[in-house]
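# okay, predicted coordinates and the sequence, questions at the end:
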Amino acid sequence: MAWNESGNGKNPWDRGGNDGPPDLDKIVRDWQKRLGDLFGGGGNRGGRDSSGGGSSALIVLGILLLLGWGATGLYRVNDAERGVELRFGAYTQTTQPGLRWHMPFPIETVEKVNVTEITPFSQKTVMLTADENIVEVDLVVQFQKADPVAYLFQVRDPNDTLSDVSESAIREVVGKNDADFVLLEGRAEIALETEKLIQQALDEYEAGIVVTKVNLQDTNFPRQVEAAVQDAIKAREDRERLAFEAQSYANDILPKARGEAVRRLQDAEAYKSRVVADAEGEASRFEQLLKEYEEAPAVTRERLYIEAIESVYGSSSKVFMDTDGSGNLVYLPVDKLLEQRGSSAGNSGSSNSSAPPVPPSVNSGTSFRSQREGLRTRGNRQ
């Protein structure tokens with residue numbers, strides 16, 4: 001039996017009720033009616049045309065859209081920020097922190113700039129030093145956006161400008177110094193000088209950026225030349241070590257040589273003074289002797305002879321004695337006897353021993369003066 005033969009005229013697939021999709025036209029008409037009642041339109045009452053209600057709905061929708069568009073102009077500026085309002089891209093004013101409003105887009109826009117945040121900027125570059133060495137410098141620049149208007153409008157790209165200025169400044173400073181100064185003790189000084197140059201260039205550009213700190217994170221030779229650089233450093237250290245050793249040797253030997261030279265000069269001066277003094281003394285003695293000789297030639301000759309004999313005998317180890325009335329020369333080892341007597345007297349164990357015998361013809365108390373007198377008497381007899 002067909003579904004339409006059941007007699008009830010219903011669709012066998014209809015489960016009862018209206019469970020289908022809602023009617024969109026009906027929904028729109030219901031909303032139009034409600035808005036018309038709200039604004040006094042009355043919907044379709046009294047046989048009015050529904051076009052009047054549709055226009056009222058469009059007006060309300062436009063008002064709502066206008067209010068929503070106006071609400072998009074509200075914005076908030078934080079304490080650390082400054083708002084820069086632009087009208088069709090041109091600067092109008094700078095707003096302080098708080099809740100603000102501007103003409104909505106596209107009439108006006110706002111740019112927020114954080115003026116208290118310190119932003120780090122890092123840059124690593126390779127450059128030449130004054131002594132033509134290659135060094136790699138890792139530079140960190142900390143800056144602050146002090147003037148938001150200048151930061152946004154004076155330069156096209158402030159970050160790229162800061163990068164170029166920083167690289168130029170560090171190259172200028174490093175290029176004026178040697179590699180040892182850059183790598184060792186000069187890092188703080190280079191950082192300060194670089195900071196001054198960067199700030200000076202940014203002020204000329206009116207970039208609105210204030211550099212707060214410049215640090216050299218690392219300065220070293222590139223890896224490609226590190227081995228050769230280490231060899232050069234070792235050679236330089238050896239050169240300095242040898243120079244120090246040579247200087248130490250010079251400091252040790254030069255004072256000694258100067259002292260020896262001074263000593264020899266002083267000895268020469270002393271010898272000169274002594275020789276001159278001796279010569280002058282001999283000359284004075286000869287002059288005095290000449291004066292005595294002119295007054296008594298015989299006596300002077302005899303005295304000179306005796307003094308010469310005394311000088312010769314005084315340095316001789318032999319003793320000669322002559323006796324009157326005898327042609328025999330008696331020789332006694334008086335020098336040996338005197339030496340034995342002196343050695344026996346110096347011996348502490350022989351305090352009671354007697355002195356060696358002395359021949360009767362020799363008087364131990366006889367001096368060379370008596371011998372000289374005897375010689376003088378003998379000469380007078382002759």
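Right, received. Where do you want to start?
# close enough to count as contact, Val110 and Tyr75?
Yes - judged on C-beta atoms under 8 Å, Val110 makes contact with Tyr75 at a distance of 5.5 Å. For every residue, glycine as well, the C-beta is placed using N, CA and C.
# now tell me which helix or strand of the chain has the poorest mean pLDDT.
Within the chain, no helix or strand scores below helix 368-381, which has a mean of 46 by mean pLDDT, DSSP states H and E.
# could you tell me which residues touch both of Val110 and Tyr75?
Residues touching both Val110 and Tyr75 by C-beta atoms under 8 Å, 6 or more residues apart in numbering: 83, 100, 102.
# more neighbours, Val110 and Tyr75?
Val110 (18 against 15; other C-beta atoms under 10 Å).
# and the helices in the stretch 251-382 of the chain?
297-314, 334-346, 368-381 (DSSP state H, counting those that start in this stretch).
# among the shared contacts of Val110 and Tyr75, which are in strands?
83, 100 (DSSP state E).
# any of the shared contacts of Val110 and Tyr75 buried? List them.
Among the shared contacts of Val110 and Tyr75, those classed as buried by 16 or more other C-beta atoms under 10 Å are 83, 100, 102.
# residue contacts, the first one?
The reference is to Gly83. 75, 77, 94-96, 100, 110-112.
# give me the subset of those residues that lies in strands.
Per DSSP E, the contacts of Gly83 map to strands at 75, 77, 94-95, 100, 110-112.
# closest one to Gln199 out of those, please.
Thr94 (22.9 Å; C-beta to C-beta).
# and that closest one, bridged to which residues?
Thr94 forms beta bridges with Val84, as assigned by DSSP bridges.
# thought it was touching Tyr151?
No - checked against C-beta under 8 Å, the pair Thr94 and Tyr151 is beyond contact range at 11.4 Å.
# between those two, which one's more packed in?
A direct count of neighbours by other C-beta under 10 Å for Thr94 and Tyr151 places Tyr151 higher, at 21 against 15.
# how many other residues sit next to Lys272?
10.
# if I look at Phe286, how far off is Ala279?
Taking C-beta to C-beta, to the nearest Å as the measure, Phe286 falls 10 Å from Ala279.
# just Val173 next, same as before
Per C-beta to C-beta, Val173 is found 76 Å from Ala279.
# name the residue in those two with the higher neighbour count.
Val173 (22 against 10).
# how far away is the more buried one from Ala90?
Between Val173 and Ala90 the distance is 40 Å, computed by C-beta to C-beta.
# centroid residue for the protein?
In the chain, the centroid-proximal residue (C-alpha atoms, centre = their mean) is Glu185; its distance is 2.3 Å.
# give me the secondary structure label for it.
Under DSSP: H, G, I helix; E, B strand; the rest coil, the three-state class of Glu185 is coil.
# quick check, Lys124 in contact with Val137.
Yes - assessed by C-beta under 8 Å, Lys124 is found in contact with Val137 at 7.1 Å.
# who's more crowded, these two?
With neighbours defined as other C-beta under 10 Å, Lys124 and Val137 compare such that Val137 has more, 24 against 11.
# in which helix or strand does that one reside?
Taking DSSP states H and E as the definition, Val137 sits inside strand 134-145.
# same check, this time on Asp30
With DSSP H and E as the criterion, Asp30 is inside helix 24-38.
# report the rounded mean pLDDT for that helix.
Averaged over helix 24-38, pLDDT sits at 68.
# after it, next one along is what?
Next element after helix 24-38 (DSSP H and E): helix 51-71.
# domains for the chain, by residue range?
74-113, 118-221 (automatic domain parsing).
# can you give me the buried ones in the shortest one?
Of all the residues in domain 74-113, those buried under the rule 16+ other C-beta under 10 Å are 77, 81-86, 95, 100, 102, 104, 108-111, 113.
# what about it, how long is it end to end?
Chord length of domain 74-113, first to last residue, is 17 Å (C-alpha to C-alpha, to the nearest Å).
# let me know the average pLDDT across that domain.
Domain 74-113 comes out with an average pLDDT of 86.
# what's Lys213 sitting at in phi/psi?
For Lys213, the backbone dihedrals (degrees, to the nearest 10) come out as phi -160, psi 140.
# contacts only, for it.
With contacts defined as C-beta under 8 Å, 6+ apart, Lys213 is in contact with 141-142, 195.
# for the residues you listed, which one is nearest Gly62?
For the contacts of Lys213, the nearest to Gly62 is Gln142 (51.9 Å; C-beta to C-beta).
# which strand residues bridge the closest one?
With DSSP bridges applied, Gln142 shows beta-bridge pairing to Pro120, Lys213.
# per-residue confidence for Ser51?
For Ser51, the model assigns a pLDDT of 52.
# one more: the one 10 residues further on?
Looking at Leu61, its pLDDT stands at 82.
# distance of it relative to Trp31?
For Leu61, the distance to Trp31 (C-beta to C-beta) stands at 11 Å.
# just Arg241 next, same as before
98 Å.
# how about low-confidence regions in the protein?
1-25, 28, 32, 35-54, 316-337, 344-382 (pLDDT under 70).
# hmm, try it at 50
Residues of the chain meeting the criterion pLDDT under 50: 1-3, 5-7, 9, 12-13, 15-17, 42-49, 348-372, 374-382.
# hang on, Leu86 packs against Lys112?
No - with contact defined as C-beta under 8 Å, Leu86 does not count as touching Lys112 (11.8 Å).
# now do the shared contacts for those two.
The contact sets of Leu86 and Lys112 do not overlap (C-beta under 8 Å, 6+ apart).
# list the contacts for Asp265?
For residue 265 the amino acid is Leu, not Asp. Leu265 neighbours (C-beta under 8 Å, 6+ apart): none.
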